[in-house]
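*Asks:* task: produce atomic coordinates for the following.
(one chain, ligands or ions: 1)
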Amino acid sequence: MNPSIDPRATGFDPLDFPSLFGNDHPVVVEIGSGKGRFLMATARERPEVNLIGIEKSLHYHRFIVDRIARAGLENIRAINHDAFAVLSKMIPAASVDEIHIYFPDPWPRPRERKRRMIRDEVLEEIRRVLRPDGCGIYVTDHEEYFDKAAPLIEQFFRAERRTPGPDDPPRTNYEAKYREQGRPIYEIRFWKS
Ligand SMILES: C[S@@+](CC[C@H](N)C(=O)[O-])C[C@H]1O[C@@H](n2cnc3c(N)ncnc32)[C@H](O)[C@@H]1O
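*Replies:* I've put the predicted structure just below:
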């Protein structure tokens, strides 16, 4: 089983999750998977879900695919492309149960902010692809990004802000690194209904 999906080679046709995974288990999507820590841990802890990791960087994508193959995990697929394009072209409406976004690039300079993952057109797509009872999570260490992103998320979803506590295990490499450094972490969970 090849866990890698490269839309440049295979096209941007909408994915059919039951035929992709060979089952109709719930689908969890992660945007910007980095080195794949969340994907790997979740695939092991929750074998009853299917995971899709969307990662723009080819270097990280290859790293993730190698990890999945070595671990022999059957319930992850990794897509190497920009998440907005993947969401809008490849993910069918009301097909996803959870969307996870951990430490997206903050693009701190004013002229770069339009590249941020938390923006109206992406949130519209997230709302479209989530099932009616679907939910999501966005986590960052970047206070200014959070202060802009959280109200946007609250416009699209029912949402709840929270701060991860010392008993919450870090979910990704960036979270582990930043918590070790004692940086504050900002989190918001959201629900479609
Ligand atoms: C700061 S890293 C965080 C990685 C991981 N989520 C973590 O918390 O350890 C941001 C990741 O998002 C990826 N990324 C940035 N823009 C993206 C986009 N438009 N679509 C998909 N992935 C993207 C980057 O390549 C990078 O791997």
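*Asks:* neighbours of Ile164, just the number please.
*Replies:* I think there's a mix-up here, since residue 164 is Pro and not Ile. Pro164 sits with 16 neighbouring residues when counted by other CB atoms under 10 Å. C-beta: built from backbone N, CA, C; applies to glycine.
*Asks:* where's it relative to the ligand, distance?
*Replies:* Distance, Pro164 to the ligand, using CB to the nearest ligand atom, to the nearest Å: 13 Å.
*Asks:* would you agree that residue falls within a strand?
*Replies:* No: when DSSP: H, G, I helix; E, B strand; the rest coil is applied, Pro164 is found to be coil, with no strand at that position.
*Asks:* thought Asp141 was touching it, still the case?
*Replies:* No: under the contact definition of CB atoms under 8 Å, Pro164 does not touch Asp141, with a separation of 10.8 Å.
*Asks:* which residues do the two both contact?
*Replies:* For the pair Pro164 and Asp141, residues contacting each of them under the criterion CB atoms under 8 Å, 6 or more residues apart in numbering are Ile185.
*Asks:* could you point out the longest strand of this protein?
*Replies:* What stands out as the longest strand in the chain, according to DSSP state E, is strand 130-140.
*Asks:* residues contacting the closest residue to His142 other than its chain neighbours?
*Replies:* With sequence-adjacent residues excluded and distances taken as CB to CB, 6 or more residues apart in numbering, His142 is closest to Pro106, at 4.0 Å. Neighbouring residues of Pro106 by CB under 8 Å, 6+ apart: Arg116, Thr140, His142, Glu144, Tyr145.
*Asks:* straight-line length of stretch 46-58, end to end?
*Replies:* Taking CA to CA, to the nearest Å, the span from the opening residue of stretch 46-58 to its closing residue is 26 Å.
*Asks:* now stretch 77-92
*Replies:* Stretch 77-92 has its terminal residues 16 Å apart, counting by CA to CA.
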